[in-house]
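[1] sequence plus the predicted model coming up.
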Amino acid sequence: MKKLLTCATALVVICASAACAQSLGGLGLPGLGSLPGSISVNPTVQVGFQHVGSNMNLPIAAQGPIAGLIQIQELDISLKDASFWTGSAGVTVKAGEIFSLFGSVGGSLNRRFIVSGATPVSIGTVGGSPTVDFTGSQVSMWYAQGGLSLGPILLGVYGDHFGLVVGDPRQGSVPLNNQTLRGDVISTTLAPFIGVAIPASGALLTVMYSPLAMSKTTMVLRTSLQDLTQLQYKWNKPGNFLSTSLQYNVAPVNSVSLGLWANYTWMDVRGDAELDFEDSTRGFSRQKTVTATMTKYVIQGGLTAGITF
């Protein structure tokens, strides 16, 4: 399936490249002699609002009885009401009509939101899967990407970081009597991508895809007794990454552009992962292969401005 997706992506890029090359008068891919002596630089900024959704199913390797006969099997974590103000800054260095280098970095402002977790728990033969709500705070969320374009073809690397602190456990609005469920969650992604950029009447549609998205998630769990447990998940095979952007610009004066932008980003990683389990309080660690999944998406949009010199 992964090879089929890769071949399909390559076919779409080739067809789009051929179509755009024909519309540019059959320029094709550039040789070194086609690069001009003059280079234009286009810095841009974007501000807007985004909604982030994520779900993680992360098995926990228990190291023996917990509170007698209680055994925790796995965590199913999702984000609720996870919306943030966001912004980014980027630059494109263009040489000629079809060759350019691009890069951008962006991030989001911190705010509190709700994290929901379903934790299957059994006591002897009696079991259940209670849902517990946490307060997510101290959000650290940023991304960076860069690469080059040859006509409509994009080649580059994307990376992001998402971290938060979870606490204040409760069921609905009722606080739990045992306020010991606290922790830090950090997720990172790195994905080399191939893409296509299609301009039309002041608008620019950009699609980037990677079947080679590598991800790592770390959870550090703390209790009121200062017990510390760290769980790190590294997936053994890459997942899928897709990002689609649409931008519309107008030029009120020469060399200045203003416009609107929208973006949808999605990533899915699932399968075998190496779980590194470390309990620093009791002084032991263990590694185990587990089946874990992580899916996340970002929907965002806002205003953009840029200059060219």
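    Yep, it's here.
[2] beta partners for residue 42?
    Under the criterion DSSP bridges, residue 42 forms beta bridges with residue 92.
[3] likewise residue 275?
    With DSSP bridges applied, residue 275 shows beta-bridge pairing to residue 233, residue 288.
[4] that one and residue 116, how far apart?
    Taking Cβ to Cβ, to the nearest Å as the measure, residue 275 falls 22 Å from residue 116. For glycine as for every other residue, the C-beta is placed from the backbone atoms N, C-alpha and C.
[5] ok, those two, which is more surrounded?
    Set residue 275 next to residue 116 and count neighbours by other Cβ atoms under 10 Å: residue 275 wins out with 19 against 16.
[6] got phi/psi on residue 165?
    The phi/psi pair for residue 165 (degrees, to the nearest 10) reads phi -110, psi 130.
[7] just use 692 as the starting number from now, easier for me
    In the new numbering, first residue 692, that becomes residue 856.
[8] do I have it right that it meets residue 827?
    Yes - if you go by Cβ atoms under 8 Å, residue 856 and residue 827 touch, sitting 7.3 Å apart.
[9] show me the contacts for residue 946.
    By Cβ atoms under 8 Å, 6 or more residues apart in numbering, the residues touching residue 946 are 998, 999, 1000.
[10] adding pLDDT and secondary structure, write these out as a markdown table.
    A markdown table is the format used below for the contacts of residue 946 (pLDDT from 0 to 100; DSSP: H, G, I helix; E, B strand; the rest coil):
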| residue | pLDDT | secondary structure |
| --- | --- | --- |
| 998 | 92 | strand |
| 999 | 89 | coil |
| 1000 | 87 | coil |
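[11] ok, so of those residues, who is nearest residue 951?
    residue 998 (17.3 Å; Cβ to Cβ).
[12] mind checking how far that closest one is from residue 904?
    On the measure of Cβ to Cβ, residue 998 and residue 904 end up 33 Å apart.
[13] which of those two has more residues huddled nearby?
    Using other Cβ under 10 Å as the criterion, residue 998 and residue 904 rank with residue 904 on top: 21 against 14.
[14] before we move on, the earlier item: out of the contacts of residue 946, which one sits closest to residue 774?
    Comparing the contacts of residue 946 against residue 774 with Cβ to Cβ picks out residue 998 as the nearest, at 29.9 Å.
[15] now do the contacts for that closest one.
    By Cβ under 8 Å, 6+ apart, the contact list for residue 998 reads 733, 734, 946, 947, 948.
[16] try 6 Å this time
    Contacts for residue 998 were tallied using Cβ atoms under 6 Å, 6 or more residues apart in numbering; they are 946, 947.
[17] quick one: it and residue 948, what's the gap?
    Relative to residue 948, and taking Cβ to Cβ, residue 998 is found at 8 Å.
[18] how about residue 801?
    Residue 801 sits 30 Å away from residue 948, going by Cβ to Cβ.
[19] picking up where we left off before, residue 856 and residue 827: which has the busier surroundings?
    More crowded of residue 856 and residue 827, by other Cβ under 10 Å: residue 827, with 23 against 18.
[20] isn't that one right next to residue 807, touching?
    No - judged on Cβ atoms under 6 Å, residue 827 makes no contact with residue 807 at a distance of 9.9 Å.
[21] counting neighbours, what do you get for residue 994?
    Under the criterion other Cβ under 10 Å, the count of neighbours that residue 994 has is 12.
[22] before we move on, which element is it in?
    Assessed by DSSP states H and E, residue 994 sits inside strand 975-998.
[23] what do you get for residue 848?
    Residue 848 belongs to strand 844-862, assigned by DSSP H and E.
[24] what mean pLDDT does that strand get?
    Strand 844-862 comes out with an average pLDDT of 91.
[25] now do it against strand 975-998, angle only.
    Here the directions of strand 844-862 and strand 975-998 differ by 120 degrees (axes from the mean of the first three to the mean of the last three Cα atoms, to 10 degrees).
[26] so what does strand 844-862 touch, helix or strand wise?
    With contacts defined as 3 or more Cβ pairs under 6 Å, 6 or more residues apart in numbering; DSSP states H and E, the packing partners of strand 844-862 are strand 822-841, strand 873-891.
[27] name the next helix or strand following it along the chain.
    Downstream of strand 844-862, the first helix or strand assigned by DSSP H and E is strand 865-866.
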